[in-house]
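Kindly generate the corresponding structure for this input.
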Amino acid sequence: MEKRNFENDLRECILCEHRCGVDRTCGELGVCRMAGPAVASRTLHPAPPESYTIFVAGCNLKCLGCQNWTISQYPDNCMAVEGYVDPRLLAVESISMLESPAGARMGADRIFFSGGEPTIHLPFIESVIAEARRFRPGLKVNYDTNGFMTEKSLMRVLAFTTSMTFDIKAYYDDTMRAIAGTSVEPVLRNAEIVGRTARDKLWEYRIVAIPEINEDDIKPLCRFLASISRELPVAFLAFRPNFVLDEHCGAQREFIRTCVEQAKAAGLKNVTYAGMTNIPGNTGTLRGEVKEAYERPGARLAASYAHSKGCSTHPRDCGACRSASNCPIKKYIPYRNC
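Residues are numbered from 1 along each chain as shown. Presented below is the predicted three-dimensional model:
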């Protein structure tokens, strides 16, 4: 990608559904709080699909249970990241690591972009891939996303990615707002586009099952995915206490089994699960007053955690929040990470 195109994408940024329209080339900051692209870390990674994984810093969501909060909430949490890396150097390094003895032993066969959320750095990622495919034209790429991107950005991603891991956090809007601070509609829209038009690129939809918070969302979410195709791959990930939900209990083994049963009852045929279960923690107690801003008890519970850590806009709407430039959630440091 030519430098001028790289800059044009950031000059009036509408890469994700926040559509902030800020000029990131001049240091203006939108919801993601990122001016330019930054690499948090990069490493050979054994988790399927095996890959050379590049974690980019920053995110357009503020998910209360984020396991990668040290990089997703950068730069406001003042955690260290590597910073900008020249796309050509990153491309050469990636291919070298995939072809290394360690990469071969692992079976790593692609570059895997994760975060944070890669979409906020989409032109940078496109540039890395273009450089890498100059040296290896058939290079595989995996794109890991929270799905909160514009349709135009999604089409750009589908044009270069070989596989996609797609996170879905909720089915109901109030649950999504409580967990992530955004509307659920763009995520479900994009999930459906992928499921209907690019099923061959979908590695799996990933649903983090959070006890008492998104339990009511599991059944309708599974029915929604099954209505697209019963063959779609769905993986449930057991919630581990983390970030703003550091005091909350982990997912119980029985809860994960129930999620799988509900998915199969909805007609889904390709269902898996993973993650550590039965991590102790608190349950059921509201941590802050959120009044009647949320319809579902699970959404109210999640939002109460956010309220107790300083989030004052309810229902949560990070794109319209007056405190976006000084968000207490982005600065929160959890007392435990499981």
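
who touches the residue nearest the centre of the chain in this structure?
Nearest to the centroid of the C-alpha atoms of the chain, with distances taken as C-alpha atoms, centre = their mean, sits Asn146, at 3.4 Å. Applying C-beta atoms under 8 Å, 6 or more residues apart in numbering to Asn146 gives the contacts Cys59, Asn60, Leu61, Cys63, Glu117, Asp167, Lys169, Ala180, Val187. Every residue, glycine included, has its C-beta placed from N, CA and C.

same deal with Tyr294?
Contacts of Tyr294 by C-beta under 8 Å, 6+ apart are Asp174, Arg177, Ala178, Arg300, Ala303, His314, Pro315.

ok so, going back, please report the distance of the residue nearest to the centre of the chain from Asn190.
Per C-beta to C-beta, to the nearest Å, Asn146 is found 10 Å from Asn190.

circling back to that earlier point, of the contacts of Asn146, which is the nearest to Tyr74?
Using C-beta to C-beta, Cys59 comes nearest to Tyr74 of these, at 8.4 Å.

Which of the three states applies to the closest one?
coil (DSSP: H, G, I helix; E, B strand; the rest coil).

What sits closest to it if chain neighbours are left out?
In this structure, Cys59 finds its nearest non-sequential neighbour in Ser72, 3.9 Å apart by C-beta to C-beta, 6 or more residues apart in numbering.

what are the phi and psi angles of the one you found?
With angles defined as degrees, to the nearest 10, Ser72 sits at phi -70, psi -30.

Check the spacing between it and Glu117 real quick.
Taken as C-beta to C-beta, the span from Ser72 to Glu117 is 7 Å.

Common neighbours of these two, please.
In contact with both Ser72 and Glu117: Gly58, Cys59, Leu61, using C-beta under 8 Å, 6+ apart.

buried stuff in the helix or strand harbouring Ala91?
Taking DSSP states H and E as the definition, Ala91 sits inside helix 87-98. Buried positions in helix 87-98, judged by neighbour count with 16 or more other C-beta atoms under 10 Å: Pro87, Leu90, Ala91, Glu93, Ser94, Ile95, Met97, Leu98.

Now for the last one: which residues touch it?
Listed by C-beta under 8 Å, 6+ apart, the contact partners of Leu98 are Ser51, Tyr52, Ala108, Asp109, Arg110, Ile111.

Return the closest of the contacts of Asn146 with respect to Glu204.
Nearest to Glu204 among these, with distances taken as C-beta to C-beta, is Asp167, at 10.0 Å.

tell me the pLDDT at Gly281?
Looking at Gly281, its pLDDT reads 93.

Wait, it touches Ala251, no?
No - applying C-beta atoms under 8 Å, one finds Gly281 not in contact with Ala251, separated by 10.3 Å.

okay, these two: which has more neighbours?
Ala251 (26 against 16; other C-beta atoms under 10 Å).

quick one: that one and Leu245, what's the gap?
Distance, Ala251 to Leu245, by C-beta to C-beta: 11 Å.

okay, and the common contacts of these two?
With C-beta under 8 Å, 6+ apart, Ala251 and Leu245 have common neighbours Ile210, Phe239.

how about Leu64, what does it touch?
Listed by C-beta under 8 Å, 6+ apart, the contact set of Leu64 reads Ala178, Ile179, Ala180, Phe243, Val244, Leu245, Ala302, Tyr305, Ala306, Ile329.

go with 7 Å
By C-beta atoms under 7 Å, 6 or more residues apart in numbering, the residues touching Leu64 are Ile179, Phe243, Val244, Leu245, Ala302, Tyr305, Ala306.

just the helices in the protein please.
3-11, 69-72, 87-98, 101-106, 122-135, 151-160, 173-180, 185-197, 215-228, 253-265, 297-308 (DSSP state H).

Out of the ones you listed, which is the most enclosed?
helix 173-180 (a mean of 26; mean count of other C-beta atoms under 10 Å).

For it, name the packing helices and strands.
Counting contacts by 3 or more C-beta pairs under 7 Å, 6 or more residues apart in numbering; DSSP states H and E, helix 173-180 is packed against helix 297-308.

Can I get the helix it packs on as CSV, trimmed to CA atoms?
This file holds the C-alpha atoms of helix 297-308, laid out as CSV (Å, rounded to 0.1, in the frame of the first residue of the first chain):
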residue,chain,number,x,y,z
PRO,A,297,-30.3,-8.5,34.9
GLY,A,298,-27.0,-9.6,33.3
ALA,A,299,-26.5,-6.3,31.6
ARG,A,300,-27.3,-4.5,34.8
LEU,A,301,-24.7,-6.6,36.7
ALA,A,302,-22.0,-6.0,34.1
ALA,A,303,-22.8,-2.2,34.0
SER,A,304,-22.7,-2.0,37.8
TYR,A,305,-19.0,-3.2,37.7
ALA,A,306,-18.3,-0.5,35.2
HIS,A,307,-20.1,2.1,37.3
SER,A,308,-18.1,1.1,40.4
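
ok and that helix relative to helix 173-180, angle-wise?
30 degrees (axes from the mean of the first three to the mean of the last three C-alpha atoms, to 10 degrees).

Show me what helix 297-308 is packed up against.
Where contact means 3+ C-beta pairs under 7 Å, 6+ apart, helix 297-308 is packed against helix 173-180.

contacting residues around the helix it packs on?
By C-beta under 7 Å, 6+ apart, the list of residues contacting helix 173-180 from outside reads 61-64, 169-170, 182-184, 213-214, 217, 294-296, 298-299, 302-303, 315-317.
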